[in-house]
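[1] Return a 3D structure for these sequence lines:
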Amino acid sequence: MTHFACLRSAFGRALAPVLIAGCGAVLLGAIGCSAGVKMSVAGSGGSGNTVGQGGSGGSKGTGGVIIITTGNGGDGGDVGPTGSGGMISPDGGCMADQLVKTPTQPTVFVLVDQSGSEFTNATTGTFFTLRTAVLQVIQNLQATTRFGVGVFTGNQGSSPKQCPIWTTVAPALNNYDMINTLYSGLGQPSFKAETPAVQVIPLIQQTLAADSVNGPKFILFATDSETDFCDDGDPDCPADAVTYQLQSLYSGTPSIGTLVLGLPYTGNNIGAQVLQNFANAGAGQPVALATGNGTTSAMQLYYACNGQGTNAGTDSWPNLYAAAGHTAADLTSIATYSATAGTAPVYTPTGADTQSLIDQISAALTTIPQSCVFDLSTLKNPIKVDLTKLSEGGVFLNGVPVPLDPNNMDGWDMVSDTQLELFGSACTTYQTTGSTESLNLEFPCDLVIIIDHP
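    Next comes the predicted model:
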């Protein structure tokens, strides 16, 4: 690894020529310090606190443009692109240049229900139609989206009892072959198949939280709304528990959103409300209590559900109630409900055919926001930064300073020595304005390290 030669302003601060997208041969030649680029002569010493005179002898090389920057108090002048005071900009007169986002692939974990309601028989039903649609979408998008798949059910009626039964492929690019092998080998269970989503959502959270690849992370939840605790209890209770889990995923670190693919089912009175609740919870929007079964308050839900879900072990309703920080005196629900519900989309196919499912899956995936992660190692002249000196750097969004935020709540931070990420309002502004926003860096020389080409 080699450090940049330092550029110094008249105030004595060393500034790095950060090449991010653009600036042409001028920056390229300066960064390489080769192909005609020559090191300048040291500036002469200044007297007292005055600025030393710039060294002489710099000349234009064939591979770039050389200047002699002003030394400070006798410090040597150094090599840099054309500009005043040794600073860089698109026109050669300022320090920073625009950063163009290098795409970071989103991660989408497809969660599929293998319960009995998804099968007409051993060869037909929603499970098979959905499988064809999911596999086709994955095959089409696998080069740009990191897909993983989890298929779940549970067995409590016959031996051997197992809950959950969880078959999964971890997310990765170009993952179609592995997913196809697993998914195509599954069919209708030979037992009474349950739907313990409440037990597999924490498993997805563990997988995605341990995933070191930055970028948007989402669950695509294909469901008819009918989940359970590996039993046939009150459907209000697992719906409340899953809603709470999806709310927690969205508000957690990393934030994991949920896109809901609503599969057809008419088995209960709260199906449409539950699908909307799952979608709102997964998008961070307000959720309204599902009242189709006559439950009209969080207290009623508490009395109906306290004691439900013993087959789910640590993921039973009472255990999740306690994990959410509630006590028996609270007499409330696990999930957080509001008087008015949000309007997050539920992607419901217009028919039972494969193309309708493909259309809705594709529509859901197009809503995934662009990444707020910028990978500096993928530049033509890749760089990394010294994470111990981030306070010396500056980031500007359309000319407005973005604060450094090591807590990753609202501002910018280097999540690794090569990946810069925007958080909170800065990320939202960048996502909602897209290419109309410019993101500029001002990083001192001692912050930046060139990554040598092999």
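
[2] The nearest residue to S377 once chain neighbours are set aside: what's it in contact with?
    Closest residue in space to S377, ignoring its immediate chain neighbours: T418 at 3.9 Å, by C-beta to C-beta, 6 or more residues apart in numbering. Yep, even glycine has a C-beta here, placed from its N, CA and C like the rest. For T418, the contact set (C-beta atoms under 8 Å, 6 or more residues apart in numbering) comprises D375, L376, S377, P382, I383, K384, V385, I451.

[3] now N180
    Contacts of N180 (C-beta under 8 Å, 6+ apart): L135, I138, Q139.

[4] residue ranges of the helices in the stretch 51-200 of the chain, please?
    Applying DSSP state H, counting those that start in this stretch to the stretch 51-200 of the chain gives helices spanning 126-141, 176-184, 197-209.

[5] Now do the first one against helix 176-184, angle only.
    Angular relation of helix 126-141 and helix 176-184 on a 0 to 180 degree scale: 180 degrees, by axes from the mean of the first three to the mean of the last three C-alpha atoms, to 10 degrees.

[6] buried residues in helix 126-141?
    Under the neighbour-count criterion of 16 or more other C-beta atoms under 10 Å, helix 126-141 has 126-139, 141 buried.

[7] got it, and the last one?
    Within helix 197-209, the residues that qualify as buried are A197, V198, Q199, V200, I201, I204, Q205, T207, L208, counting by 16+ other C-beta under 10 Å.

[8] any idea how far the first one is from F229?
    Computed as C-beta to C-beta, to the nearest Å, the A197 to F229 distance reads 10 Å.

[9] what about the stretch 351-454 of the chain, any weak spots by pLDDT?
    For the stretch 351-454 of the chain, applying pLDDT under 70 flags the ranges 379-381, 433-437, 452-454.

[10] As a check, name the ranges of all helices in the stretch 351-454 of the chain.
    Counting by DSSP H, counting those that start in this stretch, the helices of the stretch 351-454 of the chain are 354-365, 424-433.

[11] now the ones you listed as JSON lines including distance to A193?
    JSON lines is the format used below for the helices of the stretch 351-454 of the chain (distance: least, C-beta to C-beta, whole Å):
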{"stretch": "helix 354-365", "distance to A193": "21"}
{"stretch": "helix 424-433", "distance to A193": "40"}
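
[12] and the gap between the residue nearest to the spatial centre of the chain and T340?
    Nearest residue to the geometric centre of the chain (C-alpha atoms, centre = their mean): P216, 2.0 Å. Relative to T340, P216 is positioned 27 Å away (C-beta to C-beta).

[13] got it, and P238?
    Distance of P238 to T340, computed by C-beta to C-beta: 24 Å.

[14] do G116 as well
    Taken as C-beta to C-beta, the span from G116 to T340 is 35 Å.

[15] Quick check on the two: which one has the bigger neighbour count.
    G116 (16 against 8; other C-beta atoms under 10 Å).

[16] Return the residues in contact with the more buried one.
    G116 is in contact with Q188, P189, K192, A193, counting by C-beta under 8 Å, 6+ apart.

[17] just the buried members of those?
    Q188, P189, A193.

[18] In TSV: the residues you listed, plus distance to T367 and pLDDT.
    As requested, the buried ones among the contacts of G116 are exported to TSV (distance: C-beta to C-beta, whole Å; pLDDT from 0 to 100):
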residue	distance to T367	pLDDT
Q188	32	96
P189	32	95
A193	31	95
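
[19] what's the spacing between the residue nearest to S377 and Q300?
    The gap separating T418 from Q300 is 52 Å, by C-beta to C-beta.
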